[in-house]
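Chemist: How does the following fold in three dimensions:
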Amino acid sequence: MTANDGALGEVYLRDFQDNEKSIPTILTTSQKLSTGVDARNVRNIVLMRPVNSMIEFKQIIGRGTRLYDGKDYFTIYDFVKAHHHFQDPEWDGEPVVEEDCKKCGQRPCVCVVTPPKPCKECGMHPCECPKEPCEVCGKLDCECTKRKRAKVKLADGKERSIQHMTMTSFWHPDGTPMSAQQFMEMLYGKLPDFFADEDELRELWSVPDTRANLLQGLEEKGFGRDQLTEMQKIIDAEKSDLFDVLAHVAYALPPLTREERAVRAKLQISSFFNDKQRIFLDFVLSHYVSVGVDELDQSKLAPLLRLKYHNSINDAVADLGADIGQAFSGFQRFLYEEVA
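Modeler: Alright, predicted model coming up:
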């Protein structure tokens with residue numbers, strides 16, 4: 001909507017303001033909603049151009065702060081770093097000077113402050129109990145700011161550990177944000193629709209085609225590759241396989257790193273494949289460890305062969321045999337076998 005739209009633009013604006021109408025829900029303007037427009041149900045503000053004026057920035061943000069039934073927050077999508085205005089001292093004006101409490105005569109007031117309770121263990125305040133070293137950094141005075149952990153207990157009664165300090169980007173189907181715990185609980189509830197038990201999960205994940213079908217099905221239910229990769233970070237399994245995300249959420253299995261899985265697979269490969277095939281599969285495993293499970297897709301076989309054999313598929317087939325495709329698919333079960 002621009003000034004050139006004239007009367008028609010005003011019709012668009014009135015339709016946007018009318019909360020009884022379901023459309024339009026998006027209005028693209030330039031400065032039209034800065035001030036003077038009563039649109040109380042604005043829930044999202046997208047900033048696409050620089051906002052150099054503090055007054056204009058306050059007016060724009062003010063469109064989202066209007067109250068409406070069922071609206072208890074709004075979201076700002078900032079593509080131009082306008083949020084830096086929030087850090088300006090002029091945003092809130094001069095600090096409010098606190099006055100002495102009229103009752104106790106002190107500042108800050110102490111007449112309504114509940115006295116601190118002593119530690120239940122040592123009876124002291126502050127607590128003088130000996131500290132235990134951090135599970136992550138091993139220090140008494142934990143210096144971990146990224147790896148703070150929280151426990152999530154799912155319906156099976158088992159606890160999963162997540163990084164509750166990690167920034168996440170999980171969303172409900174209606175577009176509202178959700179916590180990592182909520183996402184894990186939703187994923188846990190849906191996984192039985194895809195596999196009945198741990199054995200079936202391993203079987204599905206061990207074959208490129210069924211693994212791709214499983215990932216496609218999860219994505220259609222709202223658990224796409226990006227969300228599962230984010231969950232890898234949440235459970236501190238960035239060096240693991242996406243299989244470990246599903247196994248950890250579904251069955252509380254501890255994640256293994258891709259390197260650990262590759263080492264185990266190499267022991268099996270030497271017994272089932274000839275020397276030339278073993279060398280190529282070791283090459284594949286090195287890419288799996290460094291990149292991830294995507295390197296095991298069937299579509300990656302030809303690129304890996306070209307990379308290993310200097311862009312000559314004919315040389316690869318002559319060296320490895322026509323059944324290299326079966327070998328590429330078949331060896332993957334060794335990566336996901338249950339640890340004895």
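Chemist: could you pull out the strands for the protein?
Modeler: Listed in chain order, the strands of the chain (DSSP state E) span 44-47, 75-78, 149-153, 159-163, 170-171, 177-178.
Chemist: I'd like to know which of those strands has the weakest mean confidence.
Modeler: Lowest mean pLDDT of those: strand 149-153, a mean of 63.
Chemist: tell me which residues in the lengthiest helix in the chain are buried?
Modeler: Secondary structure of the chain per DSSP state H: the longest helix is helix 275-291. Going by neighbour count (16 or more other Cβ atoms under 10 Å), the buried part of helix 275-291 is 277, 278, 280, 281, 284, 285, 287, 288, 289. C-beta coordinates here come from the backbone N, C-alpha and C atoms, glycine included.
Chemist: Check the offset of that helix from the chain's centre.
Modeler: Centroid displacement of helix 275-291 relative to its chain, using Cα atoms, centre = their mean, to the nearest Å, is 30 Å.
Chemist: Show me what it is packed against.
Modeler: helix 258-272, helix 301-308, helix 313-320, helix 324-330 (3 or more Cβ pairs under 8 Å, 6 or more residues apart in numbering; DSSP states H and E).
Chemist: Which elements pack onto the third one?
Modeler: Meaning helix 313-320. Secondary-structure packing of helix 313-320 (3+ Cβ pairs under 8 Å, 6+ apart): helix 275-291, helix 301-308, helix 324-330.
Chemist: Quick one: mean pLDDT for that helix?
Modeler: 92.
Chemist: Report the angle between that helix and helix 301-308.
Modeler: Here the directions of helix 313-320 and helix 301-308 differ by 90 degrees (axes from the mean of the first three to the mean of the last three Cα atoms, to 10 degrees).
Chemist: what angle sits between helix 313-320 and helix 275-291?
Modeler: Using the same axes, to 10 degrees: helix 313-320 against helix 275-291 is 120 degrees.
Chemist: Using CSV, list the CA coordinates for helix 313-320.
Modeler: The C-alpha coordinates for helix 313-320 follow below in CSV (Å, rounded to 0.1, in the frame of the first residue of the first chain):
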residue,chain,number,x,y,z
ILE,A,313,33.0,-43.5,-13.0
ASN,A,314,34.3,-46.2,-15.4
ASP,A,315,37.5,-46.5,-13.4
ALA,A,316,35.5,-46.8,-10.2
VAL,A,317,33.3,-49.6,-11.6
ALA,A,318,36.4,-51.4,-13.0
ASP,A,319,38.1,-51.2,-9.6
LEU,A,320,35.2,-51.8,-7.2
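Chemist: so how far is that helix off the chain centroid?
Modeler: Put simply, helix 313-320 sits 41 Å off its chain's centre (Cα atoms, centre = their mean).
Chemist: Now that helix: buried residues?
Modeler: Burial within helix 313-320, assessed by neighbour count using 16+ other Cβ under 10 Å, is assigned to 316, 319, 320.
Chemist: For the last one, give me its contacts.
Modeler: Residues in contact with residue 320, defined by Cβ atoms under 8 Å, 6 or more residues apart in numbering, are 276, 277, 280, 305, 327.
Chemist: Skip the chain neighbours and tell me the closest residue to the last one.
Modeler: By the measure of Cβ to Cβ, 6 or more residues apart in numbering, the closest residue to residue 327 outside its immediate chain neighbours is residue 277, 5.4 Å from it.
Chemist: ok, that neighbour - contacts?
Modeler: 320, 321, 324, 327.
Chemist: can you give me the helices for the chain?
Modeler: 6-17, 54-64, 180-190, 198-205, 208-220, 225-234, 242-251, 258-272, 275-291, 301-308, 313-320, 324-330.
Chemist: From the contacts of residue 277, list the buried ones, please.
Modeler: Neighbour-count burial (16+ other Cβ under 10 Å) applied to the contacts of residue 277 gives 320, 324, 327.
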